[in-house]
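Peer 1: coordinates only, sequence not included:
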């Protein structure tokens, strides 16, 4: 799923958002086909998102949590978006769709930057949350 930055900005500008990721979604997320000790994954903290692939990491802040980006005023609130780098000079490099496609407990990343897609091959891959507490071995 590819979204244009202008459409996303226009849609989210009028919708309720906040900047702290809900506790239910914080933790370490890995591809569903992998075990929870996988080195490829996403760390979700209250105020930042970290892409991880082995020892390589990229951290993103300025997160907007959008509860109605899918469906606008008719949203049922099931799918929630995390949009990093929102409101900065550059467009958001990716979107995390929690409960993606209305599947509870599953998330998907829509990565816009080709370099990130290659470095962190998580684009459109269903991911699962392994644990709420992030073990030291998974911290960036």
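Peer 2: Here it is on my side, so go on. Remember, it's a predicted structure, so these values are computed and weren't measured experimentally.
Peer 1: Check what pLDDT the nearest residue to residue 124 once chain neighbours are set aside gets.
Peer 2: Nearest residue to residue 124, sequence neighbours excluded (Cβ to Cβ, 6 or more residues apart in numbering): residue 108, at 5.8 Å. For every residue, glycine as well, the C-beta is placed using N, CA and C. The confidence metric pLDDT takes the value 97 at residue 108.
Peer 1: Identify the residue nearest the geometric centre of the protein.
Peer 2: Taking Cα atoms, centre = their mean, the centroid of the chain lies closest to residue 96, which sits 2.4 Å from it.
Peer 1: which residues sit in contact with it?
Peer 2: Contact partners of residue 96, counting by Cβ atoms under 8 Å, 6 or more residues apart in numbering, are 42, 44, 49, 81, 82, 83, 84, 107, 108, 109.
Peer 1: thinking again about what came up before, wait, is the residue nearest to residue 124 part of a helix?
Peer 2: No - Residue 108 is assigned strand when assessed by DSSP: H, G, I helix; E, B strand; the rest coil, not a helix.
Peer 1: how far away is it from residue 89?
Peer 2: As judged by Cβ to Cβ, to the nearest Å, residue 108 and residue 89 stand 26 Å apart.
Peer 1: Please identify which of the two sits among more neighbours.
Peer 2: residue 108 (21 against 5; other Cβ atoms under 10 Å).
Peer 1: Would you confirm that residue 51 contacts residue 121?
Peer 2: No - counting by Cβ atoms under 8 Å, residue 51 does not reach residue 121; the two are 10.2 Å apart.
Peer 1: what distance separates the start and the end of stretch 104-120?
Peer 2: 23 Å (Cα to Cα, to the nearest Å).
Peer 1: got a list of contacts for it?
Peer 2: So stretch 104-120 is contacted by 1-3, 25, 29, 32, 40, 42, 51-53, 56, 58, 78, 91-101, 122-129 (Cβ under 8 Å, 6+ apart).
Peer 1: ok, now stretch 85-95?
Peer 2: By Cβ under 8 Å, 6+ apart, stretch 85-95 touches 3, 5, 8, 12, 60-64, 81-84, 109-113, 116, 123.
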